[in-house]
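Enquirer: Sequence plus the predicted model coming up.
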Amino acid sequence: EADIYQTPRYLVIGTGKKITLECSQTMGHDKMYWYQQDPGMELHLIHYSYGVNSTEKGDLSSESTVSRIRTEHFPLTLESARPSHTSQYLCASSVGQGGGYTFGSGTRLTVV
Amino acid sequence: GENVEQHPSTLSVQEGDSAVIKCTYSDSASNYFPWYKQELGKRPQLIIDIRSNVGEKKDQRIAVTLNKTAKHFSLHITETQPEDSAVYFCAASRGTYKYIFGTGTRLKVLA
């Protein structure tokens, strides 16, 4: 089924560890996004990509990085996790202008 | 900078009553306005959207209205049911492919 998939669903990790959150979509969308959201709260754009080899930082300052080597894959990496990174990370994709987003189920990250 | 204000932040209604959530945007270039519903522990899902060349759109019990002059748009839910309980986010397009989200409205439908 065409959808957007995020792994892991939940992650508890120690301070200082490097982590990569995976996001893949099978809808053929060019545009992909990462949002940070505390549960039920406002969504903050942290990274986006309009296509392969195109990545931009979003509105919320983030110590994470992203890459877009393949259309369907948009992983987010934290080089050194800190407790302040504890949050939910939502990946989304879009077909283009005026198409709305399809969101993944999210990764709930806890840094201890 | 551009922003989207959303009110109220919480809303409780009796089952069967109507619920209205209002948003105001600042970017006059915004031309697409989606609404998302996020149930507890789940992903936001698109429930209805409207483009700037349309003043109103309806889909069963939900409707969205847009006033471009005033830069207001609203979500209307009629005959509310307990399963309508969720957090609702409005959004306005920013540029070609991005959106600015409102701060969310937590709707609780009381049985």
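Expert: Great, that's in hand. Numbers count the residues shown, from 1 in each chain, chains lettered A, B, ... in the order given.

Enquirer: Local confidence estimate at the closest residue to residue B:20 other than its chain neighbours?
Expert: Take residue B:20 and drop its neighbours on the chain: the residue closest to it by C-beta to C-beta, 6 or more residues apart in numbering or on different chains is residue B:76, 5.4 Å away. To be clear about C-beta, it is placed using only N, CA and C from the backbone, and glycine gets the same treatment. Model confidence at residue B:76, given as pLDDT, is 98.

Enquirer: again with the one 3 residues further on
Expert: Model confidence at residue B:79, given as pLDDT, is 98.

Enquirer: Under a three-state scheme, what state does it occupy?
Expert: Classification of residue B:79 using DSSP: H, G, I helix; E, B strand; the rest coil returns coil.

Enquirer: and if you look at residue A:84?
Expert: helix.

Enquirer: Show me what the residue nearest to residue B:20 is bridged to.
Expert: Residue B:76 forms beta bridges with residue B:20, residue B:63, as assigned by DSSP bridges.

Enquirer: Distance check, it against chain A.
Expert: 19 Å (C-beta to the nearest C-beta, to the nearest Å).

Enquirer: Report the contact partners of that residue.
Expert: B:18-20, B:62-65 (C-beta atoms under 8 Å, 6 or more residues apart in numbering or on different chains).

Enquirer: do residue A:58 as well
Expert: Applying C-beta under 8 Å, 6+ apart, the residues near residue A:58 are A:33-34, A:44-48.

Enquirer: burial count for residue A:70?
Expert: 9 (other C-beta atoms under 10 Å in any protein chain shown).

Enquirer: scratch that, residue B:96
Expert: Residue B:96: 10 neighbours (other C-beta under 10 Å).

Enquirer: per-residue confidence for the spatially closest residue to residue B:43 that is not a sequence neighbour?
Expert: Excluding its sequence neighbours, the residue lying closest to residue B:43 (C-beta to C-beta, 6+ apart) is residue A:103, at 4.3 Å. Looking at residue A:103, its pLDDT stands at 96.

Enquirer: What of the one 3 residues further on?
Expert: With respect to pLDDT, residue A:106 has a value of 96.

Enquirer: what's the answer for residue A:98, then?
Expert: pLDDT at residue A:98 comes out at 64.

Enquirer: now swap in residue A:7 and tell me
Expert: 97.

Enquirer: Bridged to it, which residues?
Expert: residue A:22.

Enquirer: count of neighbours near the closest residue in space to residue B:14 that isn't next to it in sequence?
Expert: In this structure, residue B:14 finds its nearest non-sequential neighbour in residue B:110, 5.4 Å apart by C-beta to C-beta, 6+ apart. Using other C-beta under 10 Å, residue B:110 is surrounded by 11 other residues.
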